[in-house]
Each structure stands twice: as C-alpha cells, then as structure tokens.
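J.: Take a look and give me a structure for this.
(one chain, ligands or ions: 1)
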Amino acid sequence: MGVLVYGSEISEEIRNGLKEQIEGLKGTGRRVPCLAVILVGNNPASLSYIKGKEKACAAVGMDSRMFHLEETASRDEVIKVIEDCNKDDGIDGILVQLPLPKGLNEKEILVHIDPAKDVDGLHPVNVGKLYLGEDGFRPCTPLGIMEILKRMNCDPDGKRAVVIGRSALVGAPVARLLQDQGATVTIAHSHTKDLAGLCREADILIAAIGRPRYIGAEYIKEGAFVVDVGINRDENGKLCGDVDTAAVLDHVTAVTPVPKGVGPMTICMLLVNTMKSYETRNV
Ligand code: NAP
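T.: The predicted model follows:
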C-alpha cells in the first residue's frame, strides 16, 4: 500500500519556518517582505485566489498590497501599476493574477514586471534562466512539485519521469526541473499515442492534464512516485485530481491527494519566492 503525501502538511512546515524567519526580522527592526498582487476585473475565482494569497501572507507575517483595477482598465493603466511596483523598494514580489480580462494580452503585460520581483517566474527572463540552468525565479507549482518529491524521498537522479501536460505554467517547467535533477524525462500531451504504456515506464509520474480521475492503475508502474496536479470537478461537482487515487494507491510508493496535495504547495512557494526576492534585493 502506497503512502498519501499531503502538500498541506509540507506547506505548513515551510510556512512555520518562514514565520519564524519573519519574526526574527521584526525583532531586529527590519521591514518585512511584501508581495504586491494586481487584479484586473472581478473574476470570482481570481477574487478568491487573491484572498487566499493575502491570507497566506498575513499568516506568516508578510505584508501584501492589493491593486484592484476595473475590468475596463487599459493595457497602459495596468502597465503603469506594474511599473510603480517595480520602482517601489518596499515591494519584493509582484504577481499579476491571471487570467486577465479579454482584450488584455497577458504576455504583453507580464513582460513589464521587473524580473527581480517576478515571484511567479513567468517573465521571459526567468523562463530563459530556467532553461539555461541559471538562478532565477521558478514558477510556483513546479517548485511545489519538486519539494513534494523531495519529501517523498524521491531523488529524480537516474529515474524515468513522465510529465503529462506541456503547459508553460506546469508541464514544461516541471519537466525541465526534473531533467536538471538527473531524471530522463518524457513530456506527454493530447497527441501522445499509448499514454498508458508510456506512463507504465515511469518511476515518477506527474499528471497535469485537467481531466477528472483520468489516470487509473493501468497507467502506473509498480512502486512509482505520483504527483497529481489536476484540479477538477467530477460529475457530482466534487473536487478531484487527474489521478484516481483510490485505484492507484496499492501500486505506488507515494501519491498526492486532491485536495490538500499540490494546491497548498503553490501558494507556499509564492511566499518562498517572495522571501527569496527580499533576501536577494536586500533593500
Ligand atoms: P493546460 O494548459 O490546459 O494543459 C493541459 C495539458 O494536458 C496540455 O498539454 C494537454 O495537451 C494535456 N492533455 C489534455 N488532455 C490530455 C489527454 N487526454 N492525454 C494526454 N494529455 C492531455 O492546463 P495547466 O495549466 O497545465 O493545468 C493542468 C491541470 O493542473 C489543471 O487541472 C489545472 O487546474 C491544474 N493546476 C493546478 C495547480 C495547483 O496549484 N494545484 C496549478 C496550476 C494548474 P495539449 O498540449 O496537446 O493540448
């Protein structure tokens, strides 16, 4: 029987460490790290995500500043807020909540974030640094996945890994991070033939598809480490991942559940990246 590895528990440990570190800063009279979150419009999911981010910052003693722009805000108005945050020495991390309203081009907007404050790791400079193996900000979900593997006692070095999904946000960067740690990586996607056969070769399987309980036991190599990134609703409206956890549990070494798996790690890594920016900038 495999082990369920809860990202919620790992993230609590990391957040406790950050909290202590920030209390230490306060004790010496230094300012605390600060995350700026820019929201354009009133997308209900985005509103709930940014509340979660604000709460997570407050819980560890970090400052957060919210910039809420109208749905009708122009490209120039959004860029002006980003540039003001870039110049503000009291802000360490800048996050533009995605998706942006229709009519605003995400790539055109994100490129204005100072790469030194790009705690979401989506600026082309940080994407380039990831692929060149240089130090920079890595996207939060892939970072969280790598931390989970570490806590599973899974060293990617020499292992076969299959990542299902090739998005710029999850699949592509996590594949690169796995490769950097010595894994031999295959990226699968919707055009991949015999996905189950391919997955059965994987010592490490990362599912970032967006299809409820798509991955059953027939996709699993005995003893594999499985990380389920998907966030879906099943036919009854219940939150679930891409992996049928109950069906695979007997065949894996470890698997993450949904909820309480990768999700909590993503916000946690945003805090870790903001602390990293604070320490690097040292202002
Ligand atoms: P995405 O941009 O929609 O990418 C999904 C990927 O899955 C695509 O590469 C797609 O292939 C592939 N795919 C879809 N159906 C497939 C199939 N039947 N067989 C093989 N591959 C298939 O999504 P994403 O942003 O990467 O997110 C993936 C999932 O993770 C979603 O459920 C999302 O909600 C979740 N997520 C969770 C977190 C978290 O914090 N836990 C963070 C981000 C995302 P093509 O490229 O060929 O279309």
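J.: For the closest residue to G41 other than its chain neighbours, which residues are in contact?
T.: Setting aside the residues directly before and after it, G41 is nearest to E71 in space (C-beta to C-beta, 6 or more residues apart in numbering), at 3.8 Å. Where C-beta positions appear, they are placed from N, C-alpha and C, glycine not excepted. Neighbour list for E71: 40-42, 101 [criterion: C-beta atoms under 8 Å, 6 or more residues apart in numbering].
J.: could I get the residues you listed as TSV with secondary structure and distance to the ligand?
T.: Written out in TSV, the entries for these read as follows (DSSP: H, G, I helix; E, B strand; the rest coil; distance: C-beta to the nearest ligand atom, whole Å):
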residue	secondary structure	distance to the ligand
V40	strand	19
G41	coil	19
N42	coil	20
P101	coil	19
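J.: so which of those would you say is closest to L239?
T.: Nearest to L239 out of the contacts of E71 is N42 (C-beta to C-beta; 22.9 Å).
J.: which residue packs closest to the closest one, ignoring adjacent ones?
T.: With C-beta to C-beta, 6+ apart as the criterion, N42 has its nearest non-adjacent residue at 6.3 Å, and that residue is E71.
J.: mind checking how far that neighbour is from N236?
T.: Between E71 and N236 the distance, using C-beta to C-beta, to the nearest Å, works out to 32 Å.
J.: on that earlier part again, secondary structure of the residue nearest to G41: a helix, I assume?
T.: No - residue assignment for E71, taken from DSSP: H, G, I helix; E, B strand; the rest coil, gives coil, which places it outside any helix.
J.: So for it, what's the pLDDT?
T.: As predicted, E71 sits at a pLDDT of 96.
J.: Show me what the helix or strand hosting V185 is in contact with.
T.: Assessed by DSSP states H and E, V185 sits inside strand 184-188. Strand 184-188 is contacted from outside by 158-166, 171-172, 175, 178-179, 195, 198-199, 202, using C-beta under 8 Å, 6+ apart.
J.: Can you pull up the most central residue in this structure?
T.: Here the mean C-alpha position of the chain is nearest to the C-alpha of T141 (C-alpha atoms, centre = their mean), at a distance of 1.6 Å.
J.: about what we covered before: any buried residues in the strand holding V185, and which?
T.: Within strand 184-188, the residues that count as buried by 16 or more other C-beta atoms under 10 Å are 185-188.
J.: What about the ligand: which of the residues you listed touch it?
T.: Filtering the buried residues of strand 184-188 for proximity to the ligand by C-beta under 6 Å from any ligand atom leaves A188.
J.: In CSV, list the buried residues of strand 184-188 along with pLDDT and distance to P259.
T.: Shown next, in CSV, are the buried residues of strand 184-188 (pLDDT from 0 to 100; distance: C-beta to C-beta, whole Å):
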residue, pLDDT, distance to P259
V185, 98, 27
T186, 98, 28
I187, 98, 26
A188, 98, 24
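J.: and which of the buried residues of strand 184-188 is nearest the ligand?
T.: Distance to the ligand across the buried residues of strand 184-188 (C-beta to the nearest ligand atom) is lowest for A188, with 5.5 Å.
J.: Looking at strand pairing, list the partners for the closest one.
T.: Taking DSSP bridges, one finds I164 as the beta-bridge partners of A188.
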